[in-house]
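Predicted model follows, preceded by the sequence.
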Amino acid sequence: MSAERIVPATPAALRAAARTLLDGRLVAFPTETVYGLGANADDATAVARIFAAKQRPADHPVIVHLADVSQLTAWAREVPAGATALANAFWPGPLTLILPRAARASDALTGGQDTVGLRVPSHPVARALLGEFAALGGRGIAAPSANRFGHVSPTTARHVADDLGDGVDTILDGGECAVGIESTIVAFVAGVPVLLRPGGVAAGDLARVLGVEPQQAAADSPRASGTLASHYAPRTPALLVAADALRAEIAQLTDRDERLAVLARTVAMPMEFEGVWHAAAHDPRGYAHGLYAALRALDAANADAILIEDVPDEPAWLAVRDRLARATHGVDDDRD
Ligand code: TXA
Ligand code: MG
């Protein structure tokens, strides 16, 4: 088993982990969004080990995590004014910028594209690890979410160990991730901001800083595999149900002897309910914080179906709605 790979993020463990990365091995670490599976971004062989551990296709690009904004120009050859404004407003924090790559960003990182994804995370453990790594001469830590390809992203060290086991050398434990869903991804295409993935930074806050609404991703936007329909899916078939239809749906499926797992928000558990019931937070931040742990727990119930109470169709719920749509899509095509 892999439990012994989980280590508390003490100063000594952080120094050892930075050394492990420079040695070409993998370290999983907490960020404020989800746990990442890290490798030295300058070491193409180490980056290849990420893909092997996740069982992820090699042409999917990974985000490079930076200690601070001063490392940006090592990786991006052009930084449009809008990108600088977003970096200044939201870094360190749950925002990823997709920018034209500099020469040091290898095809292993970019999936052969001419752009690279960059982010400065705010989690104290991620920052301390990036600081130790920079002190040893490292320039960036490549890290996708630390889940096996196709699974829900991890928000605890235990989730990482459950998914990746022996595929990772060290798992730094930093508790539960505060945000709980992945970063917002903004690409700059010919200088124009495009929202590739809603996430920890609200779309309205991007618009406030940019002075314009970011464009929605179009068919010819830079490819972000995390934007494909079947991402973040549990293995149990999952279904979104309107709040006012949830009780009737439960009754109907129970009559058909289906075992149910339910992610409710405003609806109370019926007295006679016999499956697994999870009551989510009412507000979008609290809901996002607990979402992936809830999906993992409901998936582990081995029910015939997971019913998810739909959430409000309001801007504050955009990123959560995006993840719920993917979790309930039911197509097994392409997942990060
Ligand atoms: O919150 C997060 O972003 C987490 C933490 C660990 O930082 N990371 C994360 O990475 O979610 P990942 O690889 O699971 O999802 C990143 C998404 C992928 O869908 C990838 O295709 C896209 O970002 N991406 C990365 N670099 C890109 C690029 N150059 N062009 C387009 N999409 C890119
Ligand atoms: Mg992912």
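Cool, the structure landed. Residues are numbered from 1 along each chain as shown. Ligands and ions are numbered 1, 2, ... in the order given.

How is this structure divided into domains?
3-216, 238-327 (automatic domain parsing).

pLDDT wise, what is Pro234 at?
Note on Pro234: pLDDT of 81.

re the thing from before, and ligand 1, which of the domains of the chain is closest to it?
Ligand 1 sits nearest to domain 3-216 of all the domains of the chain, at 2.9 Å, using C-beta to the nearest ligand atom. Where you see a C-beta, it was placed from the backbone N, CA and C, and this is true even at glycine.

What's the local residue count around the nearest residue to Ala217 once chain neighbours are set aside?
Excluding the flanking residues, the one nearest Ala217 by C-beta to C-beta, 6 or more residues apart in numbering is Leu196, at 5.1 Å. Neighbourhood size, Leu196 [other C-beta atoms under 10 Å]: 22.

so how far is Val64 from Leu196?
Distance, Leu196 to Val64, by C-beta to C-beta, to the nearest Å: 16 Å.

coming back round to it: including distance to ligand 1, could the domains of the chain go into TSV?
Shown next, in TSV, are the domains of the chain (distance: least, C-beta to the nearest ligand atom, whole Å):
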stretch	distance to ligand 1
domain 3-216	3
domain 238-327	11
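
any idea which of those is most buried?
Highest mean neighbour count among these (mean count of other C-beta atoms under 10 Å): domain 3-216, with a mean of 20.

check whether it contacts ligand 2.
Yes: using C-beta under 5 Å from the ion, domain 3-216 reaches ligand 2 at Ser145.

Mind checking the pLDDT average for that domain?
96.

ok, Gly275 - contacts?
259-262, 301, 303 (C-beta atoms under 8 Å, 6 or more residues apart in numbering).

Quick check: bridge partners of the nearest residue to it once chain neighbours are set aside?
Nearest residue to Gly275, sequence neighbours excluded (C-beta to C-beta, 6+ apart): Leu260, at 3.9 Å. Residues in a beta bridge with Leu260, per DSSP bridges, are Ala305.

can you tell me the helix or strand for Ala18?
Assigned by DSSP states H and E, Ala18 falls within helix 11-22.

rewinding a little: quick one: residues contacting the residue nearest to Gly275.
Contacts for Leu260 (C-beta under 8 Å, 6+ apart) come out as 250, 253-254, 273, 275-276, 303-307.

ok, back up a step: so what's the backbone phi/psi at the residue nearest to Ala217?
phi -90, psi -30 (degrees, to the nearest 10).

ditto for the one 4 residues further on
Backbone torsions of Gly200, given as degrees, to the nearest 10, read phi -60, psi -30.

With Val194 instead?
Backbone torsions of Val194, given as degrees, to the nearest 10, read phi -130, psi 130.

Might you report the residue contacts of it?
Contacts for Val194 (C-beta under 8 Å, 6+ apart) come out as 186-188, 214-218, 221-222.

Wait, a helix at Pro100?
No: counting by DSSP: H, G, I helix; E, B strand; the rest coil, Pro100 falls outside a helix, being strand.

To which secondary structure element type does the closest residue in space to it that isn't next to it in sequence belong?
Nearest residue to Pro100, sequence neighbours excluded (C-beta to C-beta, 6+ apart): Glu78, at 4.6 Å. Three-state call for Glu78 (three-state DSSP): coil.

can you tell me how far the residue nearest to Ala217 sits from Val262?
31 Å.

next one: Ala108
Counting by C-beta to C-beta, the gap from Ala108 to Val262 is 42 Å.

Glu258 reaches Leu307, doesn't it?
No: using C-beta atoms under 8 Å, Glu258 makes no contact with Leu307, being 9.8 Å away.

Spatially nearest residue to the one residue in the stretch 1-150 of the chain that gets nearest to ligand 2 (excluding sequence neighbours)?
With C-beta to the ion, the shortest gap between the stretch 1-150 of the chain and ligand 2 falls at Ser145, namely 3.3 Å. Residue nearest to Ser145 in three dimensions, not counting chain neighbours: Ser153, with 4.1 Å by C-beta to C-beta, 6+ apart.
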